[in-house]
Structures are given as C-alpha cells and as structure tokens.
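Peer 1: Compute the structure for the input listed below.
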Amino acid sequence: MSKRNLIASAVIGAFALGGSQVVSADPLKNLQNEEAKIHAAAAQSQKKIDKIYEQTQELLFEYRGVVDETENLKVYNDHLARLVASQEEGIASLQRQIDGIEGVKRGVVPLMYRMIDALEQFIELDLPINYEERKARVAHLRDLMSNANVTVSEQFRQVLEAYLIENEYGNTIRVYQEQLQFNGQNIAADFFNLGRTALLALSLDQKQAWVWNNESRAWEELGDEYLNSVVKVIKMGRKLEPFDLIKLPIKAAE
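Peer 2: Residues are numbered from 1 along each chain as shown. As a prediction, this is how the structure comes out:
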C-alpha cells in the first residue's frame, strides 16, 4: 500500500473508533439520567411519607385527646347523674313535706285559735297588769288570723311571742301610767307590779294609793300607813331610789 492509503485508512479507523465511543456513551448518560430521576422521585416520595407520618402523628395525638376528653366527659356525666339523682331525691322529700303541710295546718290553725282564747281568758283572770295593752295584743292576734296575706308560720310565731310576753309579766317589776277605775271614776295613776305577787296604784298627786284584790276582782284603797311605802316603791321601780325593804300589803298564798 502506498503511504497515502495508509493515512486514509488511519483516518477512517479513527472516525470509526470515535463513532463507536459516541454511540456507547449515550446509554450510560441515559442510565445516569434515569437514576437521577429515581433519586428525585424517591426523595419526593420520602417527603410525602414524612408528611403523611406527621399527619398520622397529629391525628394520633388528636385521637388520644378525644379519648381523654371522652373519659373526662364520662366521669363528669356520671357525677352529674349522681347529682341529679340526689336532687330528685331532695325534690321528692320536699314534695312529701309540702304534701304534709296541709295536714299540719289543719292541726295548727285550730290550736292557735284555742291558744288565743286561752290567753284572753287568762288575762281576764290575771292581775290587770297593762290590761289595755294586753287586750289590744289579743285583738291584734285575732285580726292576724283573718289576714290571708300572713303565713301560718308567722301567725304561730306571733301567738308564741304573745305568750312569752305574758310570761315576763310574772318575772319583772314594772312601773307605768294608766287610768284606774275606782268608784265609777277614772283616775290617772302610777301603777307598780311586783311580778304577779302584787299590783299597786298611786294617784299622780300621791295622796291616794290602792292595791288590787284578785279574789274580788276590784281595787281596794289603802290606808295612810301604806302611802309612803307605795310612793317609795314607785320611785324604786323607776330606779330613782335603790331597792330596800319596805312594808307592802301583799296577801300570802294559802
């Protein structure tokens, strides 16, 4: 072969080798591209998995919260159920008491009328201490019993209060002014009562004195020998003089 042919053959061989390398390089590049895509897809999938996991954790946390809240609500509902049961029992008890009130009223109301009647009779038989005031109190109680706006409990309270006041008359020393009826005359006088032991009266000019005789239900005029004692006892009752031993016309119990 000539030298020119050898050069031509070498050039052709070089082109052939180059072409072979180009052709063989394309599949490798494609493989690398595909691998890169796979990695990218895997990374994207991992992100999705991570997001799903986070969402799953959030849902799990919410679920646990709901479960805890449900348990709390169950405990609270059980508590409310016990309260409701207790209230229903209390309501039933109150209803039974309310149902029994009418029966109590049927017994208490007649009792109060009897108590007022007995109080009035007692005042008429007792020493006439604050007689007009006590009679007015009985009249007030009778008016109270006819007042529909006053509850039975309040009526009963005032009847008992009247009895307590009556009881105090027997345990206290009182001095007050009132009209005394004697021999058809109304005389302004100072009255003194030593409990229910004695009831005395002294005219305002301190010239006459009387003592109440509960057996005859009348006033008896005292002699001059008692006048100074009655004047003194009136002053002691008003705390104008200290208490001291004095002579009074007190009838001894038989």
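Peer 1: For the stretch 151-254 of the chain, which segments count as strands?
Peer 2: Secondary structure of the stretch 151-254 of the chain by DSSP state E, counting those that start in this stretch: the strands cover 173-182, 185-194, 198-203, 209-213, 218-221.
Peer 1: Identify whichever of those strands lies nearest to K239.
Peer 2: For the strands of the stretch 151-254 of the chain, distance to K239 was read as Cβ to Cβ. The smallest value, 9.2 Å, belongs to strand 173-182. The C-beta positions use only the backbone N, C-alpha and C, and glycine is treated the same way.
Peer 1: ok, back up a step: in CSV: the strands of the stretch 151-254 of the chain, plus distance to H39, mean pLDDT and mean neighbour count.
Peer 2: As requested, the strands of the stretch 151-254 of the chain are exported to CSV (distance: least, Cβ to Cβ, whole Å; pLDDT from 0 to 100; neighbours: other Cβ atoms under 10 Å):
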stretch, distance to H39, mean pLDDT, mean neighbour count
strand 173-182, 117, 90, 15
strand 185-194, 121, 92, 18
strand 198-203, 125, 93, 21
strand 209-213, 128, 93, 20
strand 218-221, 132, 93, 14
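Peer 1: With distance to N30 added, can I get these in CSV?
Peer 2: Supplementary listing: the strands of the stretch 151-254 of the chain in CSV, determined by distance: least, Cβ to Cβ, whole Å:
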stretch, distance to N30
strand 173-182, 130
strand 185-194, 134
strand 198-203, 138
strand 209-213, 141
strand 218-221, 145
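Peer 1: between those, which one is nearest to D143?
Peer 2: Proximity of the strands of the stretch 151-254 of the chain to D143 was assessed by Cβ to Cβ; the nearest stretch is strand 173-182, lying at 23.0 Å.
Peer 1: Sheet partners, orientation included, of that closest one?
Peer 2: Sheet pairing for strand 173-182, assigned by DSSP bridges, gives strand 185-194 (antiparallel).
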